[in-house]
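# let me see the structure of the following:
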Amino acid sequence: MSTKAFQIYEHTIPSSHIREYPRATAGDQEDVLQLAVKQYTPHEPLTGKTTVTVIGAHANGFPKELYEPLWDELYEALKAKGIAISNIFIADVAHQGASGVLNERKLGNDPSWMDHPRDLFLMVNHFRKEMKRPIIGIGHSMGGNNLVNLSLMHPRLFTTLIMMDPVIQRIPSREGNFGPAQASTKRRDRWPSRAAAEAGFKRSKFYQTWDPRVLDLWVKFGLRELPTHLYPSATPGSASASSPTADGAAATASATGNTEKEVTLATSKHHEVFSFLRPNFVTEEYPSPSTQPNPITHPDVDPAAAPNSPFYRPEPINTFHKLPNVRPSVYYIFGDQSFLSAPVLKADKLAQTGIGVGGSGGVKKGRVDHVTFEGVGHLIPMEVVGQTADACGSWLAPEIERWRSIEDAERHEWAAVPIEEKGKLRFFIELQAGGIGFAVAAVGEVLVILVMLLLLSSSVCVDRDLAHAVWVKVAIPAIAVY
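Model (predicted):
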């Protein structure tokens, strides 16, 4: 398979162990779920000054293939700036898309958004030879949340993150959880044929703003043929009814002459809704689960973010509170018609991202920025593919140049250190280089450090404030030297 710019390679790899919630699997918690991964490698030889690797992450309910037009457009946008893409990797979350099909008989009813970041980390290590730095993360909606949590697991993994309307916010949003969940619950999920489904999609207002390329991919990858685990029996008279396999291979025309097979959603609407909302019901033992939840089954409920019952979704809020610690630079792409892009929610994310310990420095340091597309809703990469790719390219060009400058300086400095000295303590290296005078000074400072440690730990220290002041002014700087 291929796209305009890429050859596509399909992989199946095991997911991470253990899942966040026990009932993520239907049987034993030791059951191994599989991940369906696609790798996009350019047809053309790499010619850019710098090559990058992209890790993508998809939105809830949307298969990974819908982002292929974006990858093609991004390839051209970066090529024009002298940057080449070496590989793009993206995986369906374990309970959705092609991964969900692989796992359908093993899936429970309690997936967590935190599972996919761990799965992606496993994917990075599995394909480490192809994961050439710098690595760029591009995530949409739930996928943006996934990538933030992956970056928190491994702060130096990503050079930068591009997040398209990520589901990350300080407070729960009825529109963000209940509205889409309710719509998904009521959505149609079975059609007499793929052609009938396509005709219905093209009549639907929901799909009117989609790029035609994305809609074609939705028809191809967003649907699957019956029978399935959810629908083991096809409607009598359809070709699916006589099909001997779940993938519809070797189907036989029915007596009515219908050669088209029934189709359903590749991601069942049940698992789509499971990702929108997690139950947190009142019980006899826990009558107020919104503020006093069961610590065993619902340890991630934030009482300050009430209401958390009868349903909640912990990851958007919990991730928001971790935004200050995000180390890679971040570029937000918002759509002004999305409820997630309301001015107060945008400002909240921009103000928090990267400002804490270990963070990038945030907006103030030029490490966080954003763009808002007018007339665009939440489905940014489905609606304005070219505009999204151009925005990504404009952000990435200076970020990659910055990375290259830092990388070259680090390589030069480290290469200047003799190989036999790279594994030694700096104290001994400089002691040898500085001669006896340096040695006396160094030993003196070491003695100061030892004395201060003894004083601070001793019960006879008469002036702890003075000892502490000396420790801060003298000992700590001395330690820093070595």
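# CA atoms for contacts and neighbours, from now on please.
Noted.
# any regions of the protein where pLDDT drops low?
1, 48, 173-179, 236-259, 427-482 (pLDDT under 70).
# gap between the residue positioned nearest the centre of it and Arg118?
In the chain, the residue lying closest to the centroid (CA atoms, centre = their mean) is Leu147, at 2.3 Å. Leu147 is 10 Å from Arg118, where distance means CA to CA, to the nearest Å.
# and the residue nearest to the centre of the chain, what does it touch?
Contacts for Leu147 were tallied using CA atoms under 8 Å, 6 or more residues apart in numbering; they are Ala57, Pro117, Gly137, Ile138, Gly139, Leu161.
# mind checking what secondary structure it has?
helix (DSSP: H, G, I helix; E, B strand; the rest coil).
# can you check Ser275 too?
Ser275 - assigned by three-state DSSP - is helix.
# dump the residue contacts of it.
Ser275 sits next to Asn60, Pro111, Ser112, Trp113 when contact means CA under 8 Å, 6+ apart.
# among those, who's most crowded?
Among those, the one with the most neighbours (other CA atoms under 10 Å) is Pro111, at 26 neighbours.
# from Asp31, how far out is the closest residue to it other than its chain neighbours?
In space, and not counting its chain neighbours, Pro111 is closest to Ala24: 4.9 Å by CA to CA, 6 or more residues apart in numbering. According to CA to CA, Ala24 and Asp31 sit 10 Å apart.
# ok, Trp191 next?
32 Å.
# look at these two and report which has more neighbours.
Trp191 (20 against 15).
# my guess is the more buried one meets Gly200, correct?
No - applying CA atoms under 8 Å as the test, Trp191 and Gly200 come out as separate, 9.2 Å apart.
# restricted to strands, list the contacts of Ser275.
Among these, no member falls in strands (criterion: DSSP state E).
# would you reformat those residues as JSON lines and include distance to Pro314?
Output for these, formatted as JSON lines (distance: CA to CA, whole Å):
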{"residue": "Asn60", "distance to Pro314": "15"}
{"residue": "Pro111", "distance to Pro314": "12"}
{"residue": "Ser112", "distance to Pro314": "9"}
{"residue": "Trp113", "distance to Pro314": "9"}
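# pick the one among those residues closest to Trp414.
Distance to Trp414, by CA to CA, is smallest for Trp113 among those, at 39.0 Å.
# need the contact list for that closest one.
Met142, Asn145, Asn146, Ser275, Glu315.
# got a quick ChimeraX command for the buried subset of those residues?
Buried residues among these (16 or more other CA atoms under 10 Å), as a ChimeraX selection:
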select :142,145,146,275,315
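# nearest to Thr353 among the contacts of Trp113?
Using CA to CA, those come closest to Thr353 at Asn145, 12.6 Å.
# can you tell me the SS state at Arg224?
Secondary structure, three-state DSSP: Arg224 is strand.
# what does Ile138 give?
Ile138 is classified as strand under three-state DSSP.
# what bridges to it?
Taking DSSP bridges as the rule, Ile138 bridges to Gly56, Ile162.
# how far away is it from Ile333?
In this structure, Ile138 and Ile333 are 10 Å apart, going by CA to CA.
# of those two, who's got more company?
Taking other CA under 10 Å, Ile138 and Ile333 do not tie; Ile333 has more neighbours (25 against 21).
# skipping adjacent residues, who's closest to that one in space?
Nearest residue to Ile333 in three dimensions, chain neighbours excluded: Met164, at 4.7 Å (CA to CA, 6+ apart).
# tell me, how many residues neighbour the one you found?
Using other CA under 10 Å, Met164 has 27 other residues around it.
# what of Lys186?
Neighbours of Lys186 (other CA under 10 Å): 9.
# ranges for the helices of the stretch 101-250 of the chain?
Ranges of helices within the stretch 101-250 of the chain are 115-126, 142-153, 174-186, 194-203, 212-221, based on DSSP state H, counting those that start in this stretch.
# what's the answer for the stretch 301-450 of the chain, then?
Using DSSP H, counting those that start in this stretch, helices in the stretch 301-450 of the chain cover 314-320, 343-352, 380-383, 385-415, 426-457.
# isn't the residue nearest to Ile333 up against Asp336?
No - the pair Met164 / Asp336 is not scored as a contact, 11.9 Å apart, by CA under 8 Å.
# what sits against Arg105?
By CA under 8 Å, 6+ apart, Arg105 lies in contact with Ala26, His229.
# let's see that with 10 Å instead.
By CA atoms under 10 Å, 6 or more residues apart in numbering, the contact set of Arg105 is Thr25, Ala26, Gly27, Thr228, His229, Leu230.
# before we move on, what about Asp92?
Contact analysis of Asp92 by CA under 10 Å, 6+ apart lists 34-38, 56-65, 98-100, 116, 120, 267.
# and Asp408, by the same measure?
Contacts of Asp408 (CA under 10 Å, 6+ apart): Arg402, Trp414.
# who wins on neighbours among the contacts of Leu147?
Ala57 (29 neighbours).
# ok, now how distant is it from Pro381?
Where Pro381 is concerned, Ala57 sits at a distance of 12 Å (CA to CA).
# for Ala24 and Asp31, list the residues in contact with both.
Ile18, Lys106, Leu107.
# number of nearby residues for the residue nearest to Leu217 when sequence neighbours are not counted?
Of all residues not flanking Leu217 in the chain, Leu66 sits nearest, at 5.8 Å (CA to CA, 6+ apart). Using other CA under 10 Å, Leu66 has 23 other residues around it.
# how about Phe206?
9.
# distance check, it against Gly200.
Plainly put, Phe206 is 11 Å away from Gly200 if you go by CA to CA.
# rewinding a little: which residues do Leu147 and Arg118 both contact?
Met153.
# and for Ala57 and Pro381, which residues touch both?
With CA under 10 Å, 6+ apart as the test, Ala57 and Pro381 both reach Tyr67, Gly139, His140.
# I figured the last one hits Gly61, correct?
If I follow you right, that is His140. No - look at His140 against Gly61 with CA atoms under 10 Å: they stay out of range, at 11.5 Å.
# ok, those two, which is more surrounded?
A direct count of neighbours by other CA under 10 Å for His140 and Gly61 places His140 higher, at 27 against 24.
# next up, the contacts around the more buried one.
Neighbouring residues of His140 by CA under 10 Å, 6+ apart: 56-60, 62, 67, 146-147, 162-167, 333, 378-381.
# how far away is it from Ala304?
His140 is 27 Å from Ala304, by CA to CA.
# circling back: out of the helices of the stretch 101-250 of the chain, which gets nearest to Ser86?
Ser86 lies closest to helix 115-126 among the helices of the stretch 101-250 of the chain, at 14.3 Å (CA to CA).
# the closest one packs against which elements?
With contacts taken as 3 or more CA pairs under 10 Å, 6 or more residues apart in numbering; DSSP states H and E, helix 115-126 sits against strand 6-14, strand 34-42, strand 50-57, strand 83-91, helix 142-153.
# rerun that using 8 Å as the cut-off
Packed against helix 115-126 by the contact rule (3 or more CA pairs under 8 Å, 6 or more residues apart in numbering; DSSP states H and E) you find helix 142-153.
# C-alpha coordinates for the helix it packs on, CSV please?
Only the C-alpha atoms of helix 142-153 are listed here, as CSV (Å, rounded to 0.1, in the frame of the first residue of the first chain):
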residue,chain,number,x,y,z
MET,A,142,-7.5,12.5,22.5
GLY,A,143,-4.3,11.8,20.7
GLY,A,144,-2.9,15.2,21.9
ASN,A,145,-3.5,14.1,25.4
ASN,A,146,-1.8,10.8,24.7
LEU,A,147,1.3,12.5,23.4
VAL,A,148,1.6,14.8,26.4
ASN,A,149,1.6,11.9,28.7
LEU,A,150,4.2,10.1,26.6
SER,A,151,6.4,13.2,26.8
LEU,A,152,5.9,13.2,30.6
MET,A,153,7.1,9.6,30.7
